[in-house]
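Engineer: Would you be able to build a 3D model of this:
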Amino acid sequence: MVKEVKKNVFVSHHHKDDASVDGISRLAAGKGYQLRNSSVRMKPENERRVEEKKVSDRTIARLLRMKMRWASQVIVVIGKETHTRPWVNWEIQAAHQLGKPIIGVYENGLTGNVTLPENLEKYATSIVSWRSDAIINALEGKISFQKPDGTERDNVQGGNVVC
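Structural biologist: The predicted structure follows:
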């Protein structure tokens, strides 16, 4: 019988990558891990309100920090456009300021060189490929820096200290 492990996480992602958030949860579930995700999933009507600036950036930041404080770790979904998303970069910075381990996970099917968000390059504790073992090892605190295909890459500039 596989013992289920529960992890409280905040998954930072570009909203076009919502399916990958679900995919990471499925990969973890296959290894007996239940990811309880506190991140914000935008419904179309809320996304429209944000784009029309009917919700202030300050309100969004306060909500995101609150949801991030609850999580023990932050996972960043790395897609082709993630590095262009200011809120993802902000979430990584906020996670670092809160002392959260930050795990980057490349989306399934990415190949070659993928540009990372600036703050992920600075603060990641691990960056791993789309493989359940790699994700679980990172969640368990095993430091690893990989390319999208799972081969090793150089560590990021500073990295977070995991206590």
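Engineer: Every contact and neighbour count from this point should use C-alpha atoms.
Structural biologist: Noted.
Engineer: top helix in the protein by residue count?
Structural biologist: In the chain, with assignment by DSSP state H, the single longest helix is helix 57-70.
Engineer: looking only at pLDDT, what's the mean for it?
Structural biologist: On average, the pLDDT along helix 57-70 is 90.
Engineer: now for whichever helix or strand comes after it, which elements pack on it?
Structural biologist: Toward the C-terminal end, the helix or strand that comes next after helix 57-70 (DSSP states H and E) is strand 73-78. Applying 3 or more Cα pairs under 8 Å, 6 or more residues apart in numbering; DSSP states H and E, one finds that strand 73-78 makes contact with strand 5-12, helix 86-97, strand 102-106.
Engineer: Check which helices and strands the longest helix of the chain is in contact with.
Structural biologist: Using 3+ Cα pairs under 8 Å, 6+ apart: helix 57-70 touches strand 5-12, helix 86-97.
Engineer: would you turn the helices and strands packed on strand 73-78 into JSON lines with mean pLDDT, distance to R153 and mean neighbour count?
Structural biologist: Output for the helices and strands packed on strand 73-78, formatted as JSON lines (pLDDT from 0 to 100; distance: least, Cα to Cα, whole Å; neighbours: other Cα atoms under 10 Å):
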{"stretch": "strand 5-12", "mean pLDDT": "94", "distance to R153": "22", "mean neighbour count": "21"}
{"stretch": "helix 86-97", "mean pLDDT": "95", "distance to R153": "20", "mean neighbour count": "20"}
{"stretch": "strand 102-106", "mean pLDDT": "97", "distance to R153": "13", "mean neighbour count": "28"}
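Engineer: Adding distance to Q146, write those out as TSV.
Structural biologist: Formatted as TSV, these follow (distance: least, Cα to Cα, whole Å):
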stretch	distance to Q146
strand 5-12	19
helix 86-97	18
strand 102-106	9
